[in-house]
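A.B. asks: Got a predicted model here, sequence first, then my questions.
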Amino acid sequence: MKTRDPVSWMRYEDELALFDSPADKYRKLIIQNPVPYEDGYYGGINEAGVAFISTFDAKDAKGAVEIIKSFNPKIGGNMFVADAKQCFGIEATAKEYFVEEIKASGVKTNHFLKLPDKNLNFDKDPSFKSWSGAHQQRAEELIGGVKSLDDCERLLMDRKNCEDGQAICSTPSEAKVYTYSAMVFDTKNKLVRYAQGCPSEVGFKEYSFSKLPGRGDKEQVD
């Protein structure tokens, strides 16, 4: 599961769309930036049940990790890639990757736990580091109680620490940088629960490969 809290230089618009080109091995449901001249995949799942920031044509999570590790130049950030049987956590910089298999649960926010590198924005705005740490701590408090997709939704909509501006889900009335969207990927059943907008305000809708949205369609697929 994942939330998006775009900062001012990032794009706020996103939508869920089906990618199904003749060149692709698997169909993909991807949360993407719909602006045609701008890049950006924010999360997705393919028909093989592999979920990641972008799902590629991997048949399993291990295959997706190998695709990511083959990138040149490397891509940076904190990532999870998962299928119904395995989940891998990735910390990445332009010079190295740290990959670990997640056996029980894992949380990644905007700082590294395994690599010595740090987010460059922490020096510009020390409160950003505090915000990232508070998100990690609260998510780790909640993650052990997650037993269902509804529990995933509740975690992503959590409002504790909102008085300090550090809630997992922040609202447009609280901050310029707020939780604009959220997504849950069910790798076993190959479906997505997606909130297009602040999740605590708009809630989640469910999408699957058996009942697909049209391109640009924002209506619920039951």
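C.D. replies: Okay, I see it.

A.B. asks: residues in contact with Lys59?
C.D. replies: Going by C-beta atoms under 8 Å, 6 or more residues apart in numbering, Lys59 touches Lys25, Tyr26, Ala48, Val50. From N, CA and C alone the C-beta is placed, and that goes for glycine too.

A.B. asks: what about 7 Å?
C.D. replies: With contacts defined as C-beta atoms under 7 Å, 6 or more residues apart in numbering, Lys59 is in contact with Ala48.

A.B. asks: Extract the CA atoms of the helix ranked longest in the chain and return them as CSV.
C.D. replies: Counting by DSSP state H, the longest helix found in the chain is helix 126-143. What follows is helix 126-143, C-alpha atoms only, in CSV (Å, rounded to 0.1, in the frame of the first residue of the first chain):
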residue,chain,number,x,y,z
PRO,A,126,14.7,19.8,9.0
SER,A,127,11.0,19.4,9.6
PHE,A,128,10.8,17.1,6.5
LYS,A,129,13.0,14.6,8.3
SER,A,130,10.8,14.8,11.4
TRP,A,131,7.7,14.3,9.2
SER,A,132,9.2,11.3,7.5
GLY,A,133,10.2,9.7,10.9
ALA,A,134,6.8,10.3,12.4
HIS,A,135,5.1,8.6,9.4
GLN,A,136,7.4,5.6,9.8
GLN,A,137,6.8,5.3,13.5
ARG,A,138,3.0,5.5,13.2
ALA,A,139,2.9,3.1,10.2
GLU,A,140,5.0,0.6,12.2
GLU,A,141,2.6,0.9,15.1
LEU,A,142,-0.4,0.1,12.8
ILE,A,143,1.1,-2.4,10.4
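
A.B. asks: Flag every buried residue along the helix or strand following it.
C.D. replies: Next helix or strand after helix 126-143 toward the C-terminus (DSSP states H and E): helix 149-156. Neighbour counts using 16 or more other C-beta atoms under 10 Å place Leu149, Cys152, Glu153, Arg154, Leu155, Leu156 of helix 149-156 among the buried residues.

A.B. asks: Then stretch 6-26?
C.D. replies: Pro6, Asp14, Glu15, Leu16, Ala17, Phe19, Tyr26.
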